[in-house]
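Participant: My questions are about this predicted structure, shown below with the sequence.
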Amino acid sequence: MKGNFPIEKFSNVETPFYYYDTQLLRETLATVNQEAGKYEKYHVHYAIKANANKKVLSIIRESGLGVDCVSGGEIRATLEAGFPAGKIVFAGVGKSDWEINLGLDQDIFCFNVESIPELEIINELAAAKNKVAPVAFRINPNVGAHTHANITTGLKENKFGISMEDMDRVIDIALEMKNIKFIGLHFHIGSQILDMTDFVALCNRINELQKKLFNRQIIIDHINVGGGLGIDYEHPNRQAIPDFETYFATYHKHLKLRPKQEVHFELGRSITGQCGSLISKVLYVKQGTNKQFAILDAGMTELIRPALYQAYHKIENITSEGPVEAYDVVGPICESSDVFGKTIDLNKVKRGDLIAMRSAGAYGEIMASGYNCRTLPEGYITEDFI
Ligand code: LLP
């Protein structure tokens, strides 16, 4: 089954472009709210790194989620989209002074701090403003997620976060600082995680750490478990809305909370991933010796995931019902890794056909680049075609 696209209307816009199915996005958001809402103290922050398209953001804002930012630029985009600063969490291993100052000026909810030198600078900058910065420490739980090596982040030696061994020392330092308020712990084990036992392992680790803290009479108010819930790239239509029910229930079952503790989630891919597709046009069909190539006007500049992570995106010829043939689907960029897929079954392809790259709503448009002096792709939503 192919995706549902307003194909007749697509002829009015230039390819390549991103198309976002807003009905699916809204349904996904409603499901997130419904499932997280079953548990009183659960708060979801949308990981804006996945997609910061303004139209997409405005729909997410309407749903009431908070936002997880990793740069000053993301904080700006979040505020411009109308999200309240009080629902922003701000992570990142290398926060510049201006980014920290922006967070302080805006009174964001929390800085997720990743090292002692960073903590010292936040304390200093907050002091200069006569403010107290709320911080959570990002702890490396040393839990491996069964996902691509490039997107695993929770292991011990990692540029991200603070090791569990250093946790007590860092907390002691923070408790001494006048302009720091230590409010919680932050974790993130990786992305595109479909095996719930990875999240169970994280919960068990957090429970251990909480016990340790409790023995020191330290009770924190907030636990941020990061993001990471994956989507079904193979079958974008089969479960277009990820299984948020099981996801939140897993945390509810395994994460032991003290009274009044709040839990925060930072979900990116699972929120916007399935609603977006990259739409491109076939420029040429080239017959090779043993294969044929469908050469598109979109390349790794519009969607880098296949080239960077060997990621699979389902590819569909949305303007043909012709007999299925195998094609290597490639882009126009001068790089041999500019390949979307090899030996892909597509309805017979001819010049001018529209090709959809599915499940591209997260880490698609936002990772586009201007390499080869290409123009960044536009992003359209369903309403743009009505
Ligand atoms: N929180 C933190 C601290 C993160 O580092 C990330 C993602 C998230 C939340 C959101 O994770 P999600 O729910 O989207 O899995 N560009 C890669 C993915 C990089 C993920 C980076 N961190 C890709 O295209 O697969």
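Facilitator: In hand now; what should we look at? This one's a predicted model, so the numbers in the text were calculated from it and none came from an experiment.

Participant: Please make it C-alpha for all contacts and neighbour counts, starting now.
Facilitator: Fine.

Participant: Are stretch 273-284 and the ligand in contact anywhere?
Facilitator: No - using C-alpha under 6 Å from any ligand atom, stretch 273-284 stays clear of the ligand, coming no nearer than 8.5 Å.

Participant: Check the offset of that stretch from the chain's centre.
Facilitator: On the basis of C-alpha atoms, centre = their mean, to the nearest Å, stretch 273-284 sits 19 Å off its chain's mean C-alpha point.

Participant: again with stretch 102-112
Facilitator: With C-alpha atoms, centre = their mean, you get 20 Å for stretch 102-112.

Participant: Next: stretch 108-122.
Facilitator: On the basis of C-alpha atoms, centre = their mean, stretch 108-122 sits 21 Å off its chain's mean C-alpha point.

Participant: buried stuff in that stretch?
Facilitator: Using 16 or more other C-alpha atoms under 10 Å as the test for burial, stretch 108-122 gives 108-116, 118-120, 122.

Participant: In strands, which of the residues you listed appear?
Facilitator: C110, F111, N112, V113 (DSSP state E).

Participant: contacting residues for A133?
Facilitator: L104, C110, F111, I122, N123, A126, N179, I180, K181 (C-alpha atoms under 8 Å, 6 or more residues apart in numbering).

Participant: The ligand contacts on the chain?
Facilitator: Residues of the chain lying near the ligand by C-alpha under 6 Å from any ligand atom: 47, 50, 151, 188, 191-192, 226-229, 266-269, 305, 363.

Participant: change it to 5 Å
Facilitator: Contact residues (C-alpha under 5 Å from any ligand atom) of the chain with the ligand: S191, G226, G227, G228, E266, L267, G268, R269, Y363.

Participant: so which pair among the residues you listed is furthest apart in space?
Facilitator: G226 and Y363 (16.7 Å; C-alpha to C-alpha).

Participant: returning to what we had before: now flag whichever of the contacts of A133 is closest to the ligand.
Facilitator: The shortest approach to the ligand among these belongs to F111, at 11.6 Å (C-alpha to the nearest ligand atom).

Participant: Run through the residues that contact the closest one.
Facilitator: Here F111 is in contact with V89, F90, A91, G103, A133, P134, V135, A136 (C-alpha under 8 Å, 6+ apart).

Participant: Where does L125 fall, secondary structure wise?
Facilitator: helix 116-128 (DSSP states H and E).

Participant: Render the CA-only coordinates of that helix in PDB, please.
Facilitator: In PDB, the C-alpha atoms belonging to helix 116-128 read as follows (Å, rounded to 0.1, in the frame of the first residue of the first chain):
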ATOM      1  CA  ILE A 116      31.600  20.200  35.400                       C
ATOM      2  CA  PRO A 117      33.200  23.000  33.300                       C
ATOM      3  CA  GLU A 118      29.800  23.700  31.800                       C
ATOM      4  CA  LEU A 119      28.200  23.800  35.200                       C
ATOM      5  CA  GLU A 120      30.800  26.300  36.400                       C
ATOM      6  CA  ILE A 121      30.100  28.600  33.400                       C
ATOM      7  CA  ILE A 122      26.300  28.400  33.900                       C
ATOM      8  CA  ASN A 123      26.800  29.300  37.600                       C
ATOM      9  CA  GLU A 124      29.000  32.300  36.600                       C
ATOM     10  CA  LEU A 125      26.600  33.600  33.900                       C
ATOM     11  CA  ALA A 126      23.600  33.100  36.200                       C
ATOM     12  CA  ALA A 127      25.400  35.000  39.000                       C
ATOM     13  CA  ALA A 128      26.100  37.900  36.600                       C
END
